[in-house]
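J.: After the sequence you'll find the predicted model.
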Amino acid sequence: MRVVVVLLAVLCVCDGEQFGQLCSGNPTNRRRISDSWGQGHYGAGRGSRTHKGLDIVCEDGSVVYAPFDVTLEGKLTVYNDPNKAAINSGINLSGGDLTFKLFYVRPDRVSGTVRKGERIGVMLPMQQVYPGITSHVHVQMKDKSDPTPYFN
């Protein structure tokens with residue numbers, strides 16, 4: 001009996017934080033697979049560089065939610081290109097043991113705490129900049145490690 005209790009405790013620690021629903025209309029955090037602009041998985045080719053995040057499908061204008069209890073740690077600028085101004089916003093967040101960024105989101109506010117499932121912002125109009133792309137929120141860990149294990 002004692003071994004089972006220890007084993008369960010170890011399993012819980014290894015599980016870590018899991019992302020809840022990020023975007024209205026996508027309760028399972030369906031991922032961007034492939035479209036004419038590329039692929040959305042971590043490590044996908046981007047010309048001479050690699051994709052350092054995971055793309056979660058989110059329709060333009062959709063509500064974006066806190067995936068778990070988080071602290072909002074400031075707005076971020078995604079691009080330095082004025083042609084991408086329509087989607088040039090995101091937010092830095094932390095929660096549990098994770099520190100991460102969400103790109104292409106207009107945050108409602110940029111500091112304080114938000115509970116899991118509460119609104120944190122709105123998906124920006126990705127189709128204006130990348131017509132035909134699968135609109136998505138880009139999830140990137142602060143240390144640029146692979147966020148995929150944190151999604152079911």
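T.: Great, that's in hand. Residues are numbered from 1 along each chain as shown.
J.: Tell me where the chain is predicted with low confidence.
T.: Applying pLDDT under 70 to the chain picks out residues 1-15.
J.: got the residue ranges for the strands in it?
T.: Applying DSSP state E to the chain gives strands spanning 34-35, 38-39, 45-46, 49-50, 54-57, 63-65, 70-76, 90-95, 98-103, 105-107, 111-114, 119-123, 136-141.
J.: Save the ones you listed as JSON lines, and put in distance to residue 130 too.
T.: From N, CA and C alone the C-beta is placed, and that goes for glycine too. Listed next are the strands of the chain as JSON lines, based on distance: least, C-beta to C-beta, whole Å:
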{"stretch": "strand 34-35", "distance to residue 130": "9"}
{"stretch": "strand 38-39", "distance to residue 130": "10"}
{"stretch": "strand 45-46", "distance to residue 130": "13"}
{"stretch": "strand 49-50", "distance to residue 130": "17"}
{"stretch": "strand 54-57", "distance to residue 130": "12"}
{"stretch": "strand 63-65", "distance to residue 130": "18"}
{"stretch": "strand 70-76", "distance to residue 130": "19"}
{"stretch": "strand 90-95", "distance to residue 130": "16"}
{"stretch": "strand 98-103", "distance to residue 130": "12"}
{"stretch": "strand 105-107", "distance to residue 130": "16"}
{"stretch": "strand 111-114", "distance to residue 130": "28"}
{"stretch": "strand 119-123", "distance to residue 130": "13"}
{"stretch": "strand 136-141", "distance to residue 130": "10"}
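J.: Can you say which of those is nearest to residue 26?
T.: Across the strands of the chain, residue 26 has its closest neighbour in strand 54-57 (5.2 Å, C-beta to C-beta).
J.: CA-only coordinates of the closest one in CSV, if you can.
T.: Extracted in CSV, the C-alpha atoms of strand 54-57 (Å, rounded to 0.1, in the frame of the first residue of the first chain):
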residue,chain,number,x,y,z
LEU,A,54,3.0,25.3,-31.1
ASP,A,55,0.1,26.7,-33.0
ILE,A,56,-3.4,26.2,-31.5
VAL,A,57,-6.3,26.8,-33.9
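J.: Redo the strands of the chain as CSV? Include mean neighbour count and distance to residue 151.
T.: CSV is the format used below for these (neighbours: other C-beta atoms under 10 Å; distance: least, C-beta to C-beta, whole Å):
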stretch, mean neighbour count, distance to residue 151
strand 34-35, 13, 17
strand 38-39, 17, 16
strand 45-46, 11, 20
strand 49-50, 9, 19
strand 54-57, 24, 7
strand 63-65, 20, 14
strand 70-76, 17, 15
strand 90-95, 20, 14
strand 98-103, 21, 12
strand 105-107, 22, 17
strand 111-114, 13, 19
strand 119-123, 21, 17
strand 136-141, 23, 8
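J.: Brilliant, that's me finished.
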